[in-house]
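Peer 1: A structural model of the following input is requested.
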Amino acid sequence: MSDTSRELNDGAVQRSSSEQPEEVLLDYEYLAEAWAQRGWVMRAIALCKVILRLEPAHAPTRRLLAELDVRKREPLAPSEPSVPMPMEQGLAHETGWNEGGTSQPVSLLAQLGEEEFLSVMEALELREFHSGETIVEEGEPGDSMFAIVEGSVEVVRTLTSGRRRTVAFLGEGDFFGEMSILSGVPRLASVKAFERTAVLELSRERLEQITQQYPSVAEMLKAYHHERLLSDVLRGNPLFRLLPPERRATLAREFQLRARAKGAILLEQGQPVDGLYLLLRGRCQVLHRHPDGSERVLRTLEEGDVFGEISLMLGLTATATVRAETTCLLLRLDWGSCDRFLMDQRGLCDALSRMGNERLLYSSRLFLETAARAEAPPST
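Peer 2: Below you'll find the model as predicted:
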């Protein structure tokens, strides 16, 4: 907690220690209003939650939440991070991590109408974690998303080598966990409290209740997540970095997010291909099926790899089968969108052609080596 907020909080606590419950609520109301005026919207919301837990019908607090709905649409004073640890953008892009924060902490809330905003606020649960305590665990099912009220968290991913690596630090106002709750994939990273940290949690169950009454909330969350996910992915991917920024922004709206279980067939050798794919999470095996029905692994696709480019550039059916080796999260771009947004970009088309040709040549060499070994006379 910052010195300024601690002073405000200590003042309220000192006054409330000898006061009646009504006066305690008045002190908390004063503190929430003070935080809201300073632009600390998440802290103000969290304290409002505490007040409404003590007195659910507390009218002044409900009015303050309604006012916050207006204030969150206006420019806010810079929030005060607990520690000066910005997200490591290069590392986050290198590892493909994107389940974390945003540089505009209130942008998610700012897209809600007043009624939707209040319904979400009522559904939030305030939770506190000690330094080093795990908030979400990589690989586990994701059934909630979080907003950091105070403190900071460390985001850790397990790399393909098995090493665990810190890929980001998030602070007050940042959101995390929305990818799992929206796409149904397991947690893609572990998030641990870097210090004493308070968060607001929105569970999948409560979100579903809200979206039954306000379908626009689900649409807004998906649009927000999709926009943020794609802007980071396309900006960080070496292939799509070849596109002009304005073209990347337009293309981002065309991608479709797909989750596939372990063992799922993504492309079938000899069958038509339905789009260009970018692997966000997980691993895939590329297999060649021989006439006798046996299969050979040609390569393994890792996070950030693109596939389907041979069909795009040469108009062929799938030259190999692509199977999910693990649970996978992918971005798919249909052929119509490829024609409209990629085929007039010479640099990107050249890169896709080189990639496809290199893969075809590599596969051909493997087949020739296999045939040569089969025909070689046995050694004596």
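Peer 1: okay, now the domains of this protein?
Peer 2: Under the assignment automatic domain parsing, the domains of the chain span 3-71, 89-236, 240-374.
Peer 1: Just say which of those is most tucked in.
Peer 2: Mean neighbour count (mean count of other Cβ atoms under 10 Å) peaks for domain 89-236 among those, with a mean of 19. Where you see a C-beta, it was placed from the backbone N, CA and C, and this is true even at glycine.
Peer 1: quick one: that one to chain centroid distance?
Peer 2: Chain-centre distance of domain 89-236: 7 Å, with Cα atoms, centre = their mean, to the nearest Å.
Peer 1: again, but for stretch 257-270
Peer 2: Counting by Cα atoms, centre = their mean, stretch 257-270 comes out at 21 Å from the chain centroid.
Peer 1: Rebuild the domains of the chain as CSV, extending it with mean pLDDT.
Peer 2: Below are the domains of the chain laid out as CSV (pLDDT from 0 to 100):
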stretch, mean pLDDT
domain 3-71, 66
domain 89-236, 77
domain 240-374, 89
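Peer 1: how much space between Arg241 and Glu154?
Peer 2: Relative to Glu154, Arg241 is positioned 28 Å away (criterion: Cβ to Cβ, to the nearest Å).
Peer 1: Kindly apply the preceding question to Tyr224 instead.
Peer 2: Counting by Cβ to Cβ, the gap from Tyr224 to Glu154 is 23 Å.
Peer 1: Kindly report the same for Thr160.
Peer 2: Relative to Glu154, Thr160 is positioned 20 Å away (criterion: Cβ to Cβ).
Peer 1: Met42 reaches Ala147, doesn't it?
Peer 2: Yes - using Cβ atoms under 8 Å, Met42 is in contact with Ala147, at 6.0 Å.
Peer 1: Report the set of residues contacting both of the two.
Peer 2: Common neighbours of Met42 and Ala147, counting by Cβ atoms under 8 Å, 6 or more residues apart in numbering, are Gly173, Leu200.
Peer 1: Which parts of the stretch 251-380 of the chain are strands?
Peer 2: Assigned by DSSP state E, counting those that start in this stretch, the stretch 251-380 of the chain shows strands spanning 256-260, 265-267, 275-281, 284-289, 295-301, 306-307, 321-324, 328-334.
Peer 1: Of these, which is nearest Phe367?
Peer 2: Nearest to Phe367 among those is strand 284-289 (7.6 Å), distances taken as Cβ to Cβ.
Peer 1: hang on, the earlier thing: now the strands of the stretch 251-380 of the chain as JSON lines including distance to Leu352?
Peer 2: What follows is the strands of the stretch 251-380 of the chain, written out as JSON lines (distance: least, Cβ to Cβ, whole Å):
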{"stretch": "strand 256-260", "distance to Leu352": "19"}
{"stretch": "strand 265-267", "distance to Leu352": "16"}
{"stretch": "strand 275-281", "distance to Leu352": "8"}
{"stretch": "strand 284-289", "distance to Leu352": "16"}
{"stretch": "strand 295-301", "distance to Leu352": "15"}
{"stretch": "strand 306-307", "distance to Leu352": "8"}
{"stretch": "strand 321-324", "distance to Leu352": "16"}
{"stretch": "strand 328-334", "distance to Leu352": "12"}
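Peer 1: between the ones you listed, which gets nearest to Thr211?
Peer 2: Of these, nearest to Thr211 by Cβ to Cβ is strand 256-260, at 17.7 Å.
Peer 1: gap between that closest one and the chain center?
Peer 2: For strand 256-260, the gap between its own C-alpha mean and the chain's C-alpha mean amounts to 13 Å (Cα atoms, centre = their mean).
Peer 1: What pairs with it, parallel or antiparallel?
Peer 2: As defined by DSSP bridges, the strand partners of strand 256-260 come to strand 328-334 (antiparallel).
Peer 1: tell me the angle of the partner strand relative to strand 295-301?
Peer 2: 90 degrees (axes from the mean of the first three to the mean of the last three Cα atoms, to 10 degrees).
Peer 1: Other residues contacting strand 328-334?
Peer 2: With contacts defined as Cβ under 8 Å, 6+ apart, strand 328-334 is touched by 179, 183, 185, 188, 230, 233, 251, 254-260, 262, 264, 266, 274-284, 342.
Peer 1: That one: how far from the chain's middle?
Peer 2: With Cα atoms, centre = their mean as the basis, strand 328-334 stands 14 Å off its chain's centre.
Peer 1: What of stretch 233-246?
Peer 2: 18 Å.
Peer 1: how long is it end to end?
Peer 2: End-to-end span of stretch 233-246 (Cα to Cα, to the nearest Å): 15 Å.
Peer 1: Test my guess that Leu65 contacts Leu118.
Peer 2: Yes - judged on Cβ under 8 Å, Leu65 makes contact with Leu118 at a distance of 6.0 Å.
Peer 1: Name every strand pairing with the helix or strand Ala147 falls within and say which way it goes.
Peer 2: For Ala147, the element it lies in under DSSP states H and E is strand 144-150. With DSSP bridges as the test, strand 144-150 is paired with strand 175-176 (antiparallel), strand 197-203 (antiparallel).
Peer 1: could you redo those strands as JSON lines and give each row distance to Pro245?
Peer 2: JSON lines is the format used below for those (distance: least, Cβ to Cβ, whole Å):
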{"stretch": "strand 175-176", "distance to Pro245": "24"}
{"stretch": "strand 197-203", "distance to Pro245": "32"}
